[in-house]
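J.: Below are the sequence and a predicted model; questions follow.
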Amino acid sequence: MPSDFLELLASEAADSSDATALDRVRTVLFECLFHHLADDRVDSLFAILGFEDGFDCYAIAGYPARSAAKTRKDVEKIVSDFGGACLTAEYAMNGLGPGIAGSTGTVAPSAAGNSTGNPVSGGTESSASAGPSGSARGASTVANRPYSRADKRNTAVVALIRPVGAATPEVICNTVSPAFDATRPLALGPQRTGSEGAMRTMQAALYCLKAAPALAATVQQIPRPLRTDDALPERALIGDEDARDELIRVVYGSLTAAGPDDPTLLTVSTFLRFGGSLETCAKELNVHPNTIRYRLKRAAESTGWDATDPREAYVLTTAIALGRMAG
């Protein structure tokens, strides 16, 4: 016999072809993913919706061109026309970032209105106000009030998509982009595997949307689609642990990989500390400017980020700061 709410829901939906039951599964599935829950029970919910064990997926997130309901319908139809599978939800962009402090209630959309909560998913007739026996961290309660203009402005649509044949995520993203507001960011998450991967790609895409205003201050034009690497430092600043981990493990790790006697980290950090001046950096380290150029080139090759580019220098500065604080 099912032992908790998620197992009961999965059992009920598996034994029913009722559309309302499937809507309830979608609603609770997104509730779990938005609140960092991805375990065997969530795997069961995915399986009911046709996402079998070990599935690959990626997320697209953006703001509706007209209404959230129309954007979801258009995206699902386009992906279906490509022969793919797609699950969509609405998400209120409250607080500092998705799934963290500052978010309030959860409810599925209805003809009468909506709530101010974070995840808004599933069909148009049901809502899941019960939590999975306390298992979903930060699971919230239903809060009802009129769906204001500000709510609509801050409501994003997130689509979880399984890869479709030869159609790359970029092709799908560009094809569905007219369904999203062309004047606001559109984010593309990385391809990942399974429930854990679905949770992480959606979180990354939503963090990109939240980071976009800060990114706009440091680049001439925000890329469309906005990929997760495009907003690494901003994502880390608002609490994205995946971004923080990548900056420390990959970027800072590349600068320190050759050991304490290698001058790469010292050269890059000194160059950044003196505002990108080759001559001042060379004088400080008592080497020729050409040596600094060579070391910076080698660092760019190993990390993927060029200290002589203002935007990429910011990524390196953030990675070095985080790496040093992490010890």
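T.: Perfect, I can see it now.
J.: Just say helix, strand or coil for the nearest residue to residue 185 once chain neighbours are set aside.
T.: In this structure, residue 185 finds its nearest non-sequential neighbour in residue 212, 4.1 Å apart by CB to CB, 6 or more residues apart in numbering. Heads up, the C-betas are built off the backbone N, CA and C, glycines and all. Going by DSSP: H, G, I helix; E, B strand; the rest coil, the secondary structure assigned to residue 212 is helix.
J.: From what I see, residue 212 and residue 205 are in contact.
T.: No: look at residue 212 against residue 205 with CB atoms under 8 Å: they stay out of range, at 11.2 Å.
J.: which ones are touching residue 250?
T.: residue 303 (CB atoms under 8 Å, 6 or more residues apart in numbering).
J.: Can you show me the helices along the stretch 201-327 of the chain?
T.: Listed in chain order, the helices of the stretch 201-327 of the chain (DSSP state H, counting those that start in this stretch) span 232-237, 241-246, 253-256, 264-273, 278-285, 289-303, 310-326.
J.: For the ones you listed, give me a markdown table that also has mean neighbour count and distance to residue 190.
T.: Listed next are these as a markdown table, based on neighbours: other CB atoms under 10 Å; distance: least, CB to CB, whole Å:
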| stretch | mean neighbour count | distance to residue 190 |
| --- | --- | --- |
| helix 232-237 | 24 | 12 |
| helix 241-246 | 18 | 9 |
| helix 253-256 | 17 | 19 |
| helix 264-273 | 19 | 26 |
| helix 278-285 | 17 | 34 |
| helix 289-303 | 17 | 18 |
| helix 310-326 | 17 | 17 |
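J.: on that earlier part again, counting neighbours, go ahead and name the busier of residue 212 and residue 205.
T.: residue 205 (30 against 18; other CB atoms under 10 Å).
J.: low pLDDT regions in the protein?
T.: Applying pLDDT under 70 to the chain picks out residues 1-19, 95-152.
J.: Taking the centroid of it, which residue is nearest it?
T.: residue 204 (1.6 Å; CA atoms, centre = their mean).
J.: Got phi/psi on the residue of the chain most remote from its centre?
T.: The outermost residue of the chain relative to its centre, with distances by CA atoms, centre = their mean, is residue 286 at 43.5 Å. Phi and psi for residue 286, reported as degrees, to the nearest 10, are phi 60, psi 50.
J.: just to revisit the earlier point, which residues are in contact with each of residue 212 and residue 205?
T.: Taking CB under 8 Å, 6+ apart as the criterion, residue 212 and residue 205 both touch residue 187.
J.: Next up, the contacts around the residue nearest to the centre of the chain.
T.: Residue 204 neighbours (CB under 8 Å, 6+ apart): 59, 187, 189, 190, 228, 235, 240, 242, 243.
J.: Return the distance of the fifth one relative to residue 155.
T.: When you say that, I think you mean residue 228. 21 Å (CB to CB, to the nearest Å).
J.: who does the helix or strand containing residue 160 pair up with?
T.: Taking DSSP states H and E as the criterion, residue 160 maps to strand 155-161. Neighbouring strands of strand 155-161 in its sheet, by DSSP bridges, are strand 56-62 (antiparallel), strand 86-92 (antiparallel).
J.: out of the ones you listed, which comes closest to residue 306?
T.: Among those, strand 56-62 comes nearest to residue 306, with 26.9 Å by CB to CB.
J.: mind listing what's buried in the closest one?
T.: 57, 58, 59, 60, 61, 62 (16 or more other CB atoms under 10 Å).
J.: What's opposite the third one in the beta bridge?
T.: Residues found in beta-bridge contact with residue 59 (criterion: DSSP bridges) are residue 160.
J.: one step back: could the helices of the stretch 201-327 of the chain go into TSV alongside distance to residue 176?
T.: What follows is the helices of the stretch 201-327 of the chain, written out as TSV (distance: least, CB to CB, whole Å):
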stretch	distance to residue 176
helix 232-237	23
helix 241-246	24
helix 253-256	34
helix 264-273	39
helix 278-285	45
helix 289-303	32
helix 310-326	27
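J.: Nearest approach to residue 86 belongs to which of the ones you listed?
T.: Closest to residue 86 of these is helix 241-246 (CB to CB; 22.7 Å).
J.: Quick check: the gap between the closest residue to residue 272 other than its chain neighbours and residue 307.
T.: Nearest residue to residue 272 in three dimensions, chain neighbours excluded: residue 317, at 5.3 Å (CB to CB, 6+ apart). For residue 317, the distance to residue 307 equals 9 Å [CB to CB].
J.: Over to residue 285?
T.: 14 Å.
J.: Also residue 46?
T.: Counting by CB to CB, the gap from residue 46 to residue 307 is 42 Å.
J.: need the contact list for the nearest residue to residue 256 once chain neighbours are set aside.
T.: Nearest non-adjacent residue to residue 256, counting by CB to CB, 6+ apart: residue 265, 5.5 Å away. By CB under 8 Å, 6+ apart, the contact list for residue 265 reads 255, 256, 320.
J.: As CSV, these with distance to residue 79 would be great.
T.: Output for those, formatted as CSV (distance: CB to CB, whole Å):
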residue, distance to residue 79
255, 40
256, 42
320, 40
